[in-house]
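Asker: Show me the folded form of this:
(2 chains)
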Amino acid sequence: MTAVTPDVRERPGRWAAPPRPPWEEEPSKAGLAGKGLTLTLAALAILFPLWIVVVTSLQSKKTIDAAGGLVVVPRGVTFIAYRELLTGGQVQRAALVSVGVTLTGTLFSMAVSVLCAYGLSRSGSLGHRWFLMTLLATMFFGAGLIPTYLLVQALGLTDSYLALILPSAVSVFNILVLRAFFMGISPELTDSARIDGAGDWRILWQIVLPLSRAVLAVISLFYAVGYWSAWFNASIYLTDQDMMPLQNVMIQLVQKQERPVGLATQINTGQLSPLAVQMAVMVMALLPVAVLSPFVQRHFKKGMLTGAVKG
Amino acid sequence: MSHSTVPRSRAGARAGSRTPDGSPAEAGGGRRAATSTGRGTGKLPFRLRFRRDRALVLMTLPAVALLLVFVYVPVLGNVVAFQDYDPYLSDNGFVAMFESPWVGLENFQRVFADSAFWHAVQNTFVLFLLQLVLYFPVPVALALLINSVVRPRVRAVAQAVMYLPHFFSWVLVVTVFQQIFGGAGIIAQTLRRHGHQGIDLMTDPGIFKFLVTAEGVWKDAGWGIIVFLAALSSVSPDLYEAAAMDGAGRWRRMWHITLPALRPVIALLLVLRVGDALTVGFEQLLLQRDSVGPGASEVLDTYVWWNGIRNQDFGYAAAAGLVKGVVGLGLVLTANKVAHLMGEQGVYEK
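Answerer: Next up is the predicted model:
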């Protein structure tokens, strides 16, 4: 670790600048302003579109009509769009499907990946090289869309939620990151447990996993985001419109501007702005991700990067 | 320790002492084999190794089984590229493969004779090159900028905001862009309010390739920043101090210390991207295929999707997919070779 500079910068909870090292020249006013402006613009490029979406989803039909569409400056707040969407119907069901698939899929993927990563964390164990080669080779080729599609069909997974989980359950990259982290755990810890009579299952559960919380959090987020964001498999493997997850419903309602099933009356009678409904669907899709990702940010340095850099 | 149990720790200890002149298999384990838990396989009979490692094997199996079923078995399914495959010859699509007539290279001949295929190839390369040239400068510049900010809170907030879109789905990214640049987007809306004609950049085939690139930069520039910042944080501050003592100003320090530190990372990412050249944002392009039309948005992956999934011409689509797969494999292998030649790790630990 290069201690000096990071330690100074990591002092918690301060907006103030830490002291500069004596050899560094003070920045000019113009330089600081330019830096601040560029960073602000970059942040705005990301936040402004999200702001419009969130604000419009919270406006009444009157405000939206007055603005001629998307609303930049909010006038009051109403949750009517969310209330309508969440009292049954297409979007609520899709959101529940997405939550269910994401939770189940993430749990399943994590279980399989953690086990595999630990199973491969001791070089020289039985079959180690063969298993590792089997994993690594998949990073160089893919079977292709058509054969995979035919296989999933042949397995009878069409119109089953398993088709949204099983084909994409294993990410070799994630396993390698976990494995690198497990291999970095001090062998003294696992050895002493082994001498005390603990088997591999117990060592994994009681020693390795508690030491790996950071990397587990990061990899779980990767898997969860993958499941939450996925739409393509649903679009080719599910034919039943009632089974579609949120992303697919979002394509229909927001991108293709179709009217939501069940809300036609409210929209036609003019109580509900279709635009507010669309924006509310988008907020529902982005909210879990936006809430979770900063929460996991503090684990990034500890978890993913150390794991990945050690490779 | 009794002799009836598998001598795990003794085997380990022996392996440890043997490693300096150890077998290549153990040398592959590197650092690990030198520690006491490295399992020297040595002359232990299979039966004993199995007894010692069966828990590890059992743990590895589920993931390996999933990969075998969903990655390795479908590779065999590529035989339909050489067939006039008809899924309705049997109740089961895989059984139908054994009953479909073989047609040799006919599917490939049809693919290569199709101008739409070559058009998709062209689109793929144009998009790849454009993304290659326009993507990298953005995260590198932003990483340099953030790295020069000394206030920890500002750094943290800037990073958190910028990598947020990386976690968004493509559906969300496309619909967000729609709200800004689409026919009912905020730009068109503002123009109309001021008496101009609205614009719809989302359905304009002429600028579609730039739109796609912009979406990619918006989504993933922040993610690139993380990688570059990690590389920058590993630069010793002593270097900067020594350079400053010798009279180098901040620009010369950036040119002679910071950028050389980034060079290997940039090179590696470039190489990996070249290896992935034929896969230019399949989901992203498929989502916008309807709105902008196949003329501007068709790439190899969407071409396969259209012919196979949509038109159910499985043999033909599989042939096109196989061409893409084989060329892609060649690119990946070449790219990794180059990465290793440059002294980098490639996508995995060697």
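Asker: For stretch B:216-231, give me every contacting residue.
Answerer: Stretch B:216-231 is touched from outside by A:45-46, A:300, A:305, A:309, B:131, B:134-136, B:138-140, B:142-144, B:146-147, B:159, B:161-166, B:168, B:170, B:173, B:177, B:261-262, B:264-266, B:269, B:281, B:284, with contacts defined as C-beta atoms under 8 Å, 6 or more residues apart in numbering or on different chains. Every residue, glycine included, has its C-beta placed from N, CA and C.
Asker: if you set the cut-off to 6 Å instead, what comes out?
Answerer: A:305, B:131, B:135, B:138-140, B:142-143, B:162-163, B:165-166, B:173, B:261-262, B:265 (C-beta atoms under 6 Å, 6 or more residues apart in numbering or on different chains).
Asker: can you give me the strands for the stretch 151-300 of chain A?
Answerer: Secondary structure of the stretch 151-300 of chain A, counting by DSSP state E, counting those that start in this stretch: no strands present.
Asker: Quick check on the contacts of stretch B:216-231: which are buried?
Answerer: Neighbour-count burial (16 or more other C-beta atoms under 10 Å in any protein chain shown) applied to the contacts of stretch B:216-231 gives A:305, B:131, B:135, B:138-140, B:142-143, B:162-163, B:165-166, B:173, B:261-262, B:265.
Asker: ok, the residue of the stretch 151-300 of chain A found nearest chain B - contacts?
Answerer: Nearest residue of the stretch 151-300 of chain A to chain B (C-beta to the nearest C-beta) works out as A:Ser229 at 3.2 Å. Residues in contact with A:Ser229, defined by C-beta under 6 Å, 6+ apart, are B:Ser169.
Asker: do you know how far it is from B:Arg273?
Answerer: 21 Å (C-beta to C-beta, to the nearest Å).
Asker: And B:Arg151, by the same measure?
Answerer: Using C-beta to C-beta, B:Arg151 is found at 33 Å from B:Arg273.
Asker: now chain A, which segments are flagged as low pLDDT?
Answerer: A:1-15, A:264-266, A:268-269, A:298-311 (pLDDT under 70).
Asker: what about the helices in the stretch 251-350 of chain B?
Answerer: Assigned by DSSP state H, counting those that start in this stretch, the stretch 251-350 of chain B shows helices spanning B:259-275, B:282-292, B:294-297, B:300-305, B:314-341.
Asker: on contacts alone, who are the packing partners of the last one?
Answerer: This means helix B:314-341. If contacts are counted by 3 or more C-beta pairs under 6 Å, 6 or more residues apart in numbering or on different chains; DSSP states H and E, helix B:314-341 sits against helix A:145-154, helix B:106-113, helix B:259-275, helix B:300-305.
Asker: OK, contacts around the residue nearest the centre of chain A?
Answerer: Nearest to the mean C-alpha position of chain A, counting by C-alpha atoms, centre = their mean, stands A:Val225 at 2.3 Å. Listed by C-beta under 6 Å, 6+ apart, the contact partners of A:Val225 are B:Phe167.
Asker: one step back: turn the helices of the stretch 251-350 of chain B into CSV, including mean pLDDT and distance to A:Asn233.
Answerer: Conversion of these to CSV gives the following (pLDDT from 0 to 100; distance: least, C-beta to C-beta, whole Å):
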stretch, mean pLDDT, distance to A:Asn233
helix B:259-275, 83, 24
helix B:282-292, 93, 11
helix B:294-297, 91, 20
helix B:300-305, 95, 12
helix B:314-341, 90, 17
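Asker: out of those helices, nearest to A:Met110?
Answerer: helix B:282-292 (23.5 Å; C-beta to C-beta).
Asker: so that closest one versus helix A:145-154, what angle?
Answerer: If you take axes from the mean of the first three to the mean of the last three C-alpha atoms, to 10 degrees, helix B:282-292 sits at 100 degrees to helix A:145-154.
Asker: export helix B:282-292 as PDB, just CAs?
Answerer: Backbone C-alpha positions of helix B:282-292 (Å, rounded to 0.1, in the frame of the first residue of the first chain) are rendered in PDB as follows:
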ATOM      1  CA  PHE B 282     -26.700  -6.700 -29.600                       C
ATOM      2  CA  GLU B 283     -29.400  -5.800 -27.100                       C
ATOM      3  CA  GLN B 284     -29.000  -2.100 -27.700                       C
ATOM      4  CA  LEU B 285     -29.400  -2.500 -31.400                       C
ATOM      5  CA  LEU B 286     -32.100  -5.000 -31.300                       C
ATOM      6  CA  LEU B 287     -34.200  -2.700 -29.100                       C
ATOM      7  CA  GLN B 288     -33.900   0.100 -31.700                       C
ATOM      8  CA  ARG B 289     -34.200  -2.100 -34.800                       C
ATOM      9  CA  ASP B 290     -37.900  -1.300 -35.200                       C
ATOM     10  CA  SER B 291     -37.700   2.400 -34.700                       C
ATOM     11  CA  VAL B 292     -34.700   3.100 -37.000                       C
END
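Asker: Give me the helices and strands touching that helix, please.
Answerer: helix B:170-181, helix B:294-297, helix B:300-305.
Asker: which ones are touching the residue most central in space within chain B?
Answerer: The centre of chain B sits closest to B:Asp276, judged by C-alpha atoms, centre = their mean, with a distance of 6.4 Å. Contacts for B:Asp276 (C-beta under 6 Å, 6+ apart) come out as none.
Asker: and it, what pLDDT?
Answerer: pLDDT recorded at B:Asp276 is 82.
Asker: Need the nearest residue in space to A:Trp228, chain neighbours excluded.
Answerer: A:Thr102 (4.8 Å; C-beta to C-beta, 6 or more residues apart in numbering or on different chains).
Asker: Wasn't that neighbour part of a helix?
Answerer: Yes. Assigned with DSSP: H, G, I helix; E, B strand; the rest coil, A:Thr102 falls within a helix.
Asker: what about it, how many residues close to it?
Answerer: By other C-beta atoms under 10 Å in any protein chain shown, the residues close to A:Thr102 number 23.
Asker: what residues are up against it?
Answerer: Counting by C-beta under 6 Å, 6+ apart, A:Thr102 has contacts A:Ala224, A:Tyr227, A:Trp228.
Asker: Among those, which one has the most neighbours?
Answerer: A:Trp228 (25 neighbours).
Asker: could I get the helix or strand where B:Arg155 lies in PDB with only the CA atoms?
Answerer: Assignment of secondary structure by DSSP states H and E places B:Arg155 within helix B:152-163. Written as PDB, here are the backbone C-alpha positions of helix B:152-163 (Å, rounded to 0.1, in the frame of the first residue of the first chain):
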ATOM      1  CA  PRO B 152     -12.500  13.100  -1.100                       C
ATOM      2  CA  ARG B 153     -16.200  13.800  -1.000                       C
ATOM      3  CA  VAL B 154     -16.200  15.400  -4.400                       C
ATOM      4  CA  ARG B 155     -14.300  12.400  -5.800                       C
ATOM      5  CA  ALA B 156     -16.700   9.900  -4.200                       C
ATOM      6  CA  VAL B 157     -19.800  11.700  -5.400                       C
ATOM      7  CA  ALA B 158     -18.500  12.300  -8.900                       C
ATOM      8  CA  GLN B 159     -17.700   8.600  -9.300                       C
ATOM      9  CA  ALA B 160     -20.900   7.400  -7.800                       C
ATOM     10  CA  VAL B 161     -23.000   9.600 -10.200                       C
ATOM     11  CA  MET B 162     -21.000   8.700 -13.200                       C
ATOM     12  CA  TYR B 163     -21.000   5.000 -12.900                       C
END
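Asker: And it, what does it pack against?
Answerer: Counting contacts by 3+ C-beta pairs under 6 Å, 6+ apart, helix B:152-163 packs against helix A:29-57, helix B:208-233.
Asker: let's see it at 7 Å
Answerer: Under the contact criterion of 3 or more C-beta pairs under 7 Å, 6 or more residues apart in numbering or on different chains; DSSP states H and E, helix B:152-163 touches helix A:29-57, helix B:137-147, helix B:208-233.
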